[in-house]
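> next come a sequence and a model predicted from it.
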Amino acid sequence: MVFKRKDLLGTRDLTADEIRNLLASANSFLEIAERPLKKVPALRGKTVVNLFYEPSTRTRTSFEIAAKRLSADAINMSASTSSVVKGESLLDTVDNIQAMAPDIIVVRHRHVGAAHLIAGHIRASVVNAGDGANEHPTQALLDLLTISQHKSLESGLKVAIIGDIAHSRVARSNIWALTTLGITVRVCAPPTMLPREMEKIAGVEVCRTPEEALEGVDVVMMLRIQLERQDKLLFPSIRDYARIFGLNRQRLALAKADAIVMHPGPMNRGVEITSEVADSDRAVILNQVSNGVALRMAVLFLLGGQGS
Amino acid sequence: MSEKNSILLKNGRLLDPGAGREGRYDILVEEGRIKKVASEISSPGVATLDVADCWVMPGAIDLHVHLREPGFEYKETILSGARAAVAGGFTSIACMANTSPVNDNSSVTRFILEQALAAPARVLPVAAISREMRGETLVEMGDLVEAGAVAFSDDGKTVPNSKLLRHALEYASLFGRPLLCHCQDNALFADGVVHEGLVSAAHGLRGIPCLAEEIDIARTIMLAEYLGVPVHICHLSTRGGVELVRAAKLRGVRVSAEVTPHHLFLDERAVADLSYSEDLDQRYRPAQLVYNTNTKMSPPLRSAADVEAVRQGLADGTIDAVATDHAPHEATEKAVEYDLAPFGVIGLETALSLVLHLVDEGLLSPLQMVERLSLNPAHILNLDDRGTLEPGMAADITVIDPDAEWVVDPEKFYSRARNTPFAGWRLKGRVVKTLVSGRVVFPFDG
């Protein structure tokens, strides 16, 4: 299987075939986690740099485990301050990394397009692990992998994405990937966190209330609400948000009886999702995390294996 | 003025809406001023310039440039900016006050004019409205006008305090000097970087709503209307803004407005993909991602509907002038994350060809083009010796080959900066000669 790209920057420009190939490849890596010796030599001698400009535990760890299970050398660089504060430009930083000849750079950055800027500038492959509110392609792909384990992707699925759509790269990457596969996407957010002209983007359906969005869906994706948004006047209080937009058992009952519940983590229990729902057998939140490692192995393998 | 400033332009097609002339005319220039305009002039002993097949117009006047000197000479200098101007057919350029130090006192104004002595274009300093452009206290307007300030503007910022803006309008009217208002509601603008619309929704870039501009345009117009004084609105970019100005003009408010070439030719989609196709598909899906920071400016590139509205506004006269908002930045300053790039693009060397394109499209007649580029800007700044080529006026003349095709190559700019969104564009129509005070200042080799 060949992935004819140097980089994975987003799901927006992936074709349906590319997405299916990535999922198939991820499927083949799933069983490695079941082995007593969880390692294959696929990327032996390759260097993967995790360049994280934003704090992240889950995604960085997931990429690191994925790289190590492929026998790549994984190096973590966390830049806690932005390049501006350090006085070095982003491109100068990556020039320095490039000088150490890595094969793949996994980058997370608070600004939209940072991964694209890097990718256009250096030889190494770049994986976007989140650029501002723009894209987080491996999250969307692992979400698709998770959905595919419970539902047929070809069966006219309906997915509801509920929460802070405006600031969510998870939402955007999912919207592009899901709609490319012909899956119906409904979005629902407080009006202050719903981008203007959202209804013109990729044919999503915009719902005013969570009840409307949940009606008859196969998949529910709840987004993390960032509590600091309250300071920016985007919602009056956590309590109010939880009451109107939180997923609880009553609301979930509006979805199909076999609907699954997803969350990209980390969860605010009792805010966007009640513990009752998060810990129920409908929730596949921890499967998402397990799938993340296999999906990222597939991505690193397809990008890093091209030269050999 | 020496004999060098006497010249006879023969056989050109004169476009002079101020004089009501359009057609083949000869123009005799003596001592830097227009001496005579007639269908056939012979003047032995005077240098003759045959401009057959060319368009001849009063020199273009740019109401809105940033020359960066003093303080940011690495981006542009008065000399390099003025060279870019005459290469682009502009003979007078009004330079904004946001230098370092800010042009908020007469010594800075005098410094600019002193530097401009070596420049090929006329440089018209625009002084700040408020000291340090902080929006707190008025500059010494009388002193600044005496030193040579032609207008007042806190461009790049609004004047949030309506009382201060009121008093600035009142005080400036004493000197017959306009305020050039950058209209922006700061709270709504917030930390936005692109138009709030398709691109902000699709790419998660923070949006700047049209409303941020329109609310402040409404406020500015209301103040001017209440006071009965003139006011000029900078870089109009939205449909709502055009409608506000149109309605105000109908009511008799003394408001004028400008639009930039980039707001006439590019919409928000240029942010993500410079090679976007023309179809206005409701289901927007960018094919390729290019977060080109040379599409970042304030106000931002708006929607396709807004572009259509400012074009209509320019055509029907609601918008009086095309001004470049030439905003030079160094390449490394723009080679950063989109959020972090400074606002602004350059325009002096591409503007005229782009406006000629509007003539080609049939949106403007050739005479209307000259109104928007020269006559109206001269009126707005009360420059009574420019904007037309009547006898006695300054011999500031732009000669254009309307058929010359060229490709925009930023490496060939005379500006120090390269930050244009039009790199690679194939344009038609080009400046062949620029004269200031009857002297050929472009091409530079004579």
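That came in fine, so what should we check first? Predicted, not measured: the structure shown is a model, and the values here were computed from it.

> how about A:Ser173: what's its closest non-neighbour residue?
A:Ala140 (3.6 Å; CB to CB, 6 or more residues apart in numbering or on different chains). Heads up, the C-betas are built off the backbone N, CA and C, glycines and all.

> element containing that neighbour?
helix A:137-150 (DSSP states H and E).

> swap in B:Pro120?
Assigned by DSSP H and E, B:Pro120 falls outside every helix and strand.

> how many residues are close by it?
Residues within reach of B:Pro120, counting by other CB atoms under 10 Å in any protein chain shown, total 22.

> that one contacts B:Val440, correct?
No. Look at B:Pro120 against B:Val440 with CB atoms under 8 Å: they stay out of range, at 9.7 Å.

> pull the contacting residues for the residue of the stretch 101-250 of chain A found nearest chain B.
Taking CB to the nearest CB, chain B has its nearest neighbour within the stretch 101-250 of chain A at A:Ala133, 2.9 Å off. Applying CB atoms under 8 Å, 6 or more residues apart in numbering or on different chains, one finds that A:Ala133 lies in contact with A:Val112, A:Ala166, A:His167, A:Ser168, A:Arg169, A:Arg172, B:Gly204, B:Leu205.

> and the average pLDDT for the helix or strand just after the helix holding A:Ala140 is what?
For helix A:137-150, the following helix or strand on the C-terminal side (DSSP H and E) is strand A:158-162. Here strand A:158-162 scores 98 as its mean pLDDT.

> equivalent analysis for stretch B:371-389, please.
98.

> I'd guessed B:Ala395 sits against B:Arg33; true?
Yes. With contact defined as CB under 8 Å, B:Ala395 counts as touching B:Arg33 (5.6 Å).

> more crowded one of those two?
Just comparing B:Ala395 and B:Arg33: by other CB under 10 Å the higher neighbour count belongs to B:Ala395, 28 against 19.

> how about the helices of the stretch 151-300 of chain B, start to end?
B:162-173, B:186-189, B:198-203, B:210-227, B:239-251, B:261-265 (DSSP state H, counting those that start in this stretch).

> list the buried residues in the fourth one.
By neighbour count on 16 or more other CB atoms under 10 Å in any protein chain shown, the buried set for helix B:210-227 is B:210, B:212-221, B:223-225.

> with the third one instead?
Within helix B:198-203, the residues that qualify as buried are B:Leu198, B:Val199, B:Ser200, B:Ala201, B:Ala202, B:His203, counting by 16+ other CB under 10 Å.

> just the second one next, same as before
Applying a neighbour-count criterion of 16+ other CB under 10 Å, the buried positions in helix B:186-189 are B:Leu188, B:Phe189.

> other SSEs contacting that helix?
For helix B:186-189, the elements it packs on are helix B:210-227, judged by 3 or more CB pairs under 8 Å, 6 or more residues apart in numbering or on different chains; DSSP states H and E.

> export the buried residues of helix B:210-227 to a markdown table and tack on pLDDT and distance to A:Leu303?
Below are those laid out as a markdown table (pLDDT from 0 to 100; distance: CB to CB, whole Å):
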| residue | pLDDT | distance to A:Leu303 |
| --- | --- | --- |
| B:Cys210 | 98 | 41 |
| B:Ala212 | 98 | 41 |
| B:Glu213 | 98 | 43 |
| B:Glu214 | 98 | 46 |
| B:Ile215 | 98 | 48 |
| B:Asp216 | 98 | 48 |
| B:Ile217 | 98 | 49 |
| B:Ala218 | 98 | 52 |
| B:Arg219 | 98 | 53 |
| B:Thr220 | 98 | 53 |
| B:Ile221 | 98 | 55 |
| B:Leu223 | 98 | 58 |
| B:Ala224 | 98 | 59 |
| B:Glu225 | 98 | 61 |
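
> how about the residues of the stretch 51-200 of chain B by chain A?
If contacts are counted using CB under 8 Å from any CB of the partner chain, the residues of the stretch 51-200 of chain B sitting beside chain A are B:Glu196, B:Gly197, B:Leu198, B:Ser200.

> in contact with the last one, which residues?
With contacts taken as CB under 8 Å, 6+ apart, B:Ser200 has the following neighbours: A:Pro195, A:Arg196, B:Gly192, B:Val194, B:Arg206, B:Gly207.

> just list the residues touching the fifth one, thanks.
B:Arg206 is in contact with B:Ala190, B:Asp191, B:Gly192, B:Val193, B:Val194, B:Ser200, B:Asp339, counting by CB under 8 Å, 6+ apart.

> rewinding a little: for the contacts of A:Ala133, work out which two are farthest apart.
A:Ser168 and B:Leu205 (13.6 Å; CB to CB).

> give me the neighbour count for the residue nearest to A:Ser173.
28.

> return the residues in contact with it.
A:Ala140 neighbours (CB under 8 Å, 6+ apart): A:Thr11, A:Val170, A:Ser173, A:Asn174, A:Trp176, A:Ala177, A:Leu178.

> repeat the analysis, applying 6 Å as the threshold.
A:Thr11, A:Ser173, A:Asn174, A:Ala177 (CB atoms under 6 Å, 6 or more residues apart in numbering or on different chains).

> now, which of those lie within strands?
Secondary structure assignment by DSSP state E places none of the contacts of A:Ala140 in strands.

> quick one: which of those residues is most hemmed in?
A:Asn174 (31 neighbours).

> excluding chain neighbours, what is closest to that residue?
A:Ala140 (4.5 Å).

> follow-up on the earlier one: ok, so of the buried residues of helix B:198-203, who is nearest chain A?
B:Ala201 (3.6 Å).

> endpoints of stretch A:128-135, how far apart?
Start to finish, the residues bounding stretch A:128-135 are 8 Å apart (CA to CA, to the nearest Å).
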